[in-house]
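Enquirer: What would the 3D arrangement of this be:
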Amino acid sequence: MTEADKKLLKIDPALALLEFSSIAAGVLACDAMVKRATLDVVHAGTVQPGRFLILVGGEVAEVEEALKAGREAAPDALHDHIFLPGVDPKVVQALGGGRSPKADDALGIIETRTVSAAIHAADKGIKGAEVNLLEIRLADGLDGKGLVFFTGIVSDVEAALEIADKALESGQKVRQVVIPQLHIEMAKIIQANTRFGAQLGWDSHAAK
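Expert: Reported below is the predicted structural model:
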């Protein structure tokens, strides 16, 4: 996580994410957003399958204004979006690639159709129940979908998924599951890396 991203960890930060089905439209929207508002954090780029994501963070009013500019720039190509004033710092950490490999007796997974829905589910779940946010995975390698992993005691994991599910709009959820007692071998896999290629060393081979 960069120093700029750490600014999001202050009290009551805001985060917005826009997901465009057109890359050209996404670049246009991002330009409009940074011209309209003063932001602490701006990340933008392509993800599978051919979409463009824009993630911004900062003061609530500035992020809200940037979101408005982005939505106005290319409404016909806006696939999904999310605005989270007071986003939980654990969600920010997870978005920055942070993982919390804490072994607990239950695992909850929620799979969403969009990146925005996954971030929304993660924020609502972590705020509403005493759970650990193991990981958030977004778009690449998932055909544009999102995954959120919660761990904790069974009742708390079930509560987190219920809260997350209620926060999602109709059709945004692909599936959710609770595994009450994760097998030790499965726990090792989940805690290490949920990407199949990474477990087999494909990522390191590709980098050479």
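
Enquirer: any chance you could read off phi and psi for the spatially most central residue of the chain?
Expert: Within the chain, one residue has its C-alpha closest to the average C-alpha position: by CA atoms, centre = their mean, that is residue 119, at 3.5 Å. Residue 119 adopts backbone torsions of phi -60, psi -40, taken as degrees, to the nearest 10.

Enquirer: Please apply the same query to residue 173.
Expert: Phi and psi for residue 173, reported as degrees, to the nearest 10, are phi -90, psi 130.

Enquirer: how close does it get to residue 148?
Expert: Counting by CB to CB, to the nearest Å, the separation of residue 173 from residue 148 is 11 Å. For every residue, glycine as well, the C-beta is placed using N, CA and C.

Enquirer: Compare those two (neighbour count), which wins?
Expert: Set side by side, residue 173 and residue 148 give different neighbour counts by other CB atoms under 10 Å, the larger being at residue 148 (31 against 18).

Enquirer: just checking, what packs against the helix or strand that contains that one?
Expert: If you go by DSSP states H and E, residue 148 is part of strand 146-152. Counting by 3 or more CB pairs under 8 Å, 6 or more residues apart in numbering; DSSP states H and E, the packing neighbours recorded for strand 146-152 are strand 106-112, helix 115-128, strand 132-138, helix 154-167.

Enquirer: tell me which residues of it are tucked away?
Expert: For strand 146-152, the buried set under the neighbour-count rule, 16 or more other CB atoms under 10 Å, comprises 146-152.

Enquirer: tell me the contacts of residue 36?
Expert: If you count contacts by CB atoms under 8 Å, 6 or more residues apart in numbering, residue 36 has them with 65-66, 68-69.

Enquirer: Filter these down to just the buried residues.
Expert: 65-66, 68-69.

Enquirer: just those now: which is nearest residue 132?
Expert: Nearest to residue 132 out of these is residue 66 (CB to CB; 30.9 Å).

Enquirer: Flag the shaky bits of the chain, pLDDT-wise.
Expert: Counting by pLDDT under 70, the chain shows low-confidence ranges at 1-12, 99-104, 203-208.

Enquirer: mind running it again at 80?
Expert: Counting by pLDDT under 80, the chain has low-confidence residues at 1-12, 96-105, 192-193, 195, 197-208.
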